[in-house]
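In: Below is the sequence, then the predicted model.
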Amino acid sequence: MTGDPEPISATARRALEQELADLRDERRLVAGTVRDTAEVGDSADEADELRRADQLDRLDRRIEDITVRLRQAAVAGPAPTDAVGVGSTVTVRFPDGSVETLQVGEVAEALDQNLVTVDSPFGQALLGHRPGDTVRFRTPGGPASAVVVSIGEQGDQDEQD
């Protein structure tokens, strides 16, 4: 990565926007249960308040991270569709004939079966390639390859027109 704002796909943007809305809802619920420290009774109550305060801190950090990422993505513009890059949606075909559509992203925030990070061997192999290119990469099971079938998704194309 260059350190410049990186684009994200329309699908990834929608997922981040939904996560942000869910986190804000959760934060409102948790914040509504926090009591004034003068009202805290015994040590169990105090521990519960500390847990809620920690939860609010965690939620605030994630909300800030997503907000910053969405702002950066807006500055970066749409994900590339001419060559695989960060934010691309890419469809690949493996030697066994199976076809998968994947998102190329910066970091894995959750267990996303369709996300390939740019620092993985497969992600690194895909970067810069175009439809029709064969990419080669290493797996724990040995060398592997895939053919880039297409870049972009119908939703991304519609938004760019």
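Out: Done, it's in. Numbering: from 1, shown residues only.
In: what's the spacing between the closest residue to residue 130 other than its chain neighbours and residue 132?
Out: Of all residues not flanking residue 130 in the chain, residue 83 sits nearest, at 5.2 Å (Cβ to Cβ, 6 or more residues apart in numbering). For glycine as for every other residue, the C-beta is placed from the backbone atoms N, C-alpha and C. From residue 83 across to residue 132, the span is 12 Å (Cβ to Cβ, to the nearest Å).
In: residue contacts, residue 70?
Out: Shown in contact with residue 70 (Cβ atoms under 8 Å, 6 or more residues apart in numbering): 13, 16, 17, 20.
In: tell me which residues in the helix or strand it falls within are buried?
Out: Using DSSP states H and E, residue 70 sits in helix 43-76. Neighbour counts over helix 43-76 (16 or more other Cβ atoms under 10 Å) mark 48, 49, 55, 56, 59, 62, 63, 66, 69, 73, 76 as buried.
In: distance between that helix and the chain's centre?
Out: Centroid separation for helix 43-76 versus its chain: 17 Å, with Cα atoms, centre = their mean, to the nearest Å.
In: Am I right that residue 81 is in a helix?
Out: No. Applying DSSP: H, G, I helix; E, B strand; the rest coil, one finds residue 81 to be coil, outside a helix.
In: still on that earlier bit, by pLDDT, rank the buried residues of helix 43-76 and give me the bottom one.
Out: Taking the buried residues of helix 43-76 together, the minimum pLDDT is found at residue 76 (78).
In: quick one: it and residue 6 touch, right?
Out: Yes. Judged on Cβ atoms under 8 Å, residue 76 makes contact with residue 6 at a distance of 5.6 Å.
In: Overlap of the contact sets of the two?
Out: Common neighbours of residue 76 and residue 6 (criterion: Cβ under 8 Å, 6+ apart): residue 87.
In: Averaged pLDDT, the longest strand along the chain. What do you get?
Out: Longest strand of the chain, by residue count under DSSP state E: strand 142-151. Across strand 142-151, pLDDT averages out at 95.
In: partner strands of that strand, parallel or antiparallel?
Out: Under the criterion DSSP bridges, strand 142-151 sits next to strand 89-93 (antiparallel), strand 134-139 (antiparallel) in its sheet.
In: Just name the most buried of those.
Out: Mean neighbour counts were compared across these using mean count of other Cβ atoms under 10 Å; the top stretch is strand 89-93, at a mean of 22.
In: Pull the residues that contact it.
Out: Strand 89-93 is contacted by residues 9, 11, 79, 84, 99-104, 126, 135, 146-153, 156 when judged by Cβ under 8 Å, 6+ apart.
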